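[1] A predicted structure for the sequence below; I have some questions about it.
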Amino acid sequence: NGVLIVNSAPSSGRISGQSSVMMLDGWTWEDATLKHPTALNLNWPNMHLNLSKDAKKKEKDQRDVYNKAIREIDRLVRDVRAYHQRRTVRERKAEQKQQSDLRLESMVPFIIHKEPIHVRANYIRQIEAAVKWSNKHGFNIVIVGGWDAWRNPELLVKHNIPVILLNVQTTPRRRYEPIHTPYKVPAMLHEAGVRFCISTDPGYPFDGHVRTLPNEAMRAAAWGLPKSEAMRAITLSAAEILGIEEQVGSLEPGKDATFFIADAHPLIQTTNPTKAFIQGREVDLSDRQKNLWEKYKEKYRRLGRLNE
């Protein structure tokens with residue numbers, strides 16, 4: 001459906017690892033990599049409180065669980081800073097030399113050099129806590145998920161924090177919310193001045209849903225987001241948030257010739273790409289379904305049962 005570049009990101013654990021921007025064509029992973037690393041991926045602790053009488057844990061115990069998780073994240077930040085300091089000290093006795101720790105070493109660019117950290121946070125308590133945490137440490141974060149970003153857009157605008165919005169075509173997260181609430185979130189963020197792009201939910205079993213990306217933007221356009229902004233949300237805005245706007249995201253002199261040609265507007269449901277190019281190379285768009293279609297078309301042509 002015209003998706004030529006993806007941000008491939010791990011999703012498990014508290015600190016999932018580094019993500020990379022990959023082109024969906026290349027002989028090797030080195031050829032296909034457009035940017036590495038894109039960001040460090042952090043899953044923010046669940047901060048939902050179950051206050052019903054059937055709750056298995058008391059409110060205090062629930063708060064203790066997520067406060068402990070946040071303290072563990074802070075401890076990891078301190079460990080990375082201490083590790084980096086020990087590794088950069090030149091004059092040190094041999095027995096005091098800090099041995100290499102790949103786990104901590106991989107986080108140095110993000111903790112020390114302030115490269116982007118993608119924080120997976122959906123609910124408003126998570127988003128506000130993540131912003132507070134980033135301000136405390138001076139980090140450069142991007143909110144990934146952002147279901148509740150529309151509830152406090154002023155906070156995101158104030159601190160210039162962009163949002164990678166997942167799943168426009170979904171159901172509300174609360175029983176009392178109108179059914180169309182997720183569809184209107186992009187328009188509300190746009191009106192509030194929040195920088196955002198639209199994505200699909202990553203990870204198994206949702207990774208195949210990347211093919212619905214045009215439909216996500218289409219739904220946003222149908223519910224108040226200007227069509228030009230809907231197109232931008234899956235092209236240039238995404239490139240800007242991922243830090244690759246100098247190479248892709250729009251057709252301009254000096255940028256990569258990464259684009260596709262379609263038989264209609266990309267935000268129309270029945271549109272099909274007819275040609276695609278990545279860095280000027282034409283991409284083979286054939287697949288198993290098209291090959292089978294050609295095979296059986298030829299069969300019925302030979303039988304004289306196909307009207308052409």
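    Perfect, thanks for sending it. Residues are numbered from 1 along each chain as shown.

[2] in the longest strand seen in the chain, what counts as buried?
    Counting residues, the longest strand in the chain under DSSP state E turns out to be strand 33-43. By 16 or more other CB atoms under 10 Å, the buried positions in strand 33-43 come out as 34-35, 37-43. C-beta coordinates here come from the backbone N, C-alpha and C atoms, glycine included.

[3] try stretch 8-28
    8-9, 11, 15-23, 25.

[4] quick one: terminal-to-terminal distance for that stretch?
    Using CA to CA, to the nearest Å, one end of stretch 8-28 lies 15 Å from the other.

[5] for the buried residues of stretch 8-28, which one is nearest R86?
    Relative to R86, the closest of the buried residues of stretch 8-28 is I15; by CB to CB it sits at 20.3 Å.

[6] tell me the strands in the stretch 201-308 of the chain, going along the chain?
    With strands called from DSSP state E, counting those that start in this stretch, the stretch 201-308 of the chain shows them at 259-262, 273-278, 281-282.

[7] Okay, now the unreliable bits of the stretch 1-150 of the chain?
    Low-confidence segments of the stretch 1-150 of the chain, defined by pLDDT under 70, span residues 90-98.

[8] mind running it again at 80?
    Along the stretch 1-150 of the chain, segments meeting pLDDT under 80 span 49-55, 59, 89-99.

[9] what about the residue nearest to the spatial centre of the chain, which SS state?
    Centroid check for the chain by CA atoms, centre = their mean gives I164 as the closest residue, at 5.2 Å. Under DSSP: H, G, I helix; E, B strand; the rest coil, the three-state class of I164 is strand.

[10] ok, for it, nearest residue in space, not its chain neighbours?
    V144 (4.6 Å; CB to CB, 6 or more residues apart in numbering).

[11] Not counting its neighbours along the chain, what's nearest I198?
    Nearest non-adjacent residue to I198, counting by CB to CB, 6+ apart: A233, 4.4 Å away.

[12] Against A239, how distant is the one you found?
    A233 is 11 Å from A239, where distance means CB to CB, to the nearest Å.

[13] now do T171
    From T171 to A239 the distance is 29 Å (CB to CB).

[14] my read: N7 touches T38, true?
    Yes: applying CB atoms under 8 Å, one finds N7 in contact with T38, separated by 5.6 Å.

[15] and T171 and A239? which has more neighbours close in?
    Neighbours around T171 and A239, counted as other CB atoms under 10 Å, are more numerous at A239. The numbers are 23 against 9.

[16] burial measure for the nearest residue to that one once chain neighbours are set aside, as a count.
    Nearest residue to A239 in three dimensions, chain neighbours excluded: G249, at 2.9 Å (CB to CB, 6+ apart). The local packing of G249 (other CB under 10 Å) involves 23 other residues.

[17] and the spatially closest residue to R14 that is not a sequence neighbour, bridged to which residues?
    Spatial nearest neighbour of R14, excluding adjacent residues (CB to CB, 6+ apart): N43 at 5.8 Å. Beta-bridge partners for N43, by DSSP bridges, are R120.

[18] hang on, the residue nearest to I164 in a helix?
    No: applying three-state DSSP, one finds V144 to be strand, outside a helix.

[19] helices or strands up against the longest helix along the chain?
    In the chain, assigned by DSSP state H, the helix with the most residues is helix 59-88. For helix 59-88, the elements it packs on are helix 102-105, helix 108-111, helix 124-137, judged by 3 or more CB pairs under 8 Å, 6 or more residues apart in numbering; DSSP states H and E.

[20] Report the backbone C-alpha coordinates of the first one in PDB.
    Listed in PDB are the C-alpha atoms of helix 102-105, where the atom choice follows Å, rounded to 0.1, in the frame of the first residue of the first chain:
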ATOM      1  CA  LEU A 102      27.300  -3.600  26.300                       C
ATOM      2  CA  ARG A 103      24.000  -3.100  28.000                       C
ATOM      3  CA  LEU A 104      25.000   0.200  29.500                       C
ATOM      4  CA  GLU A 105      27.200   1.100  26.600                       C
END
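
[21] Alright, calling it a day.
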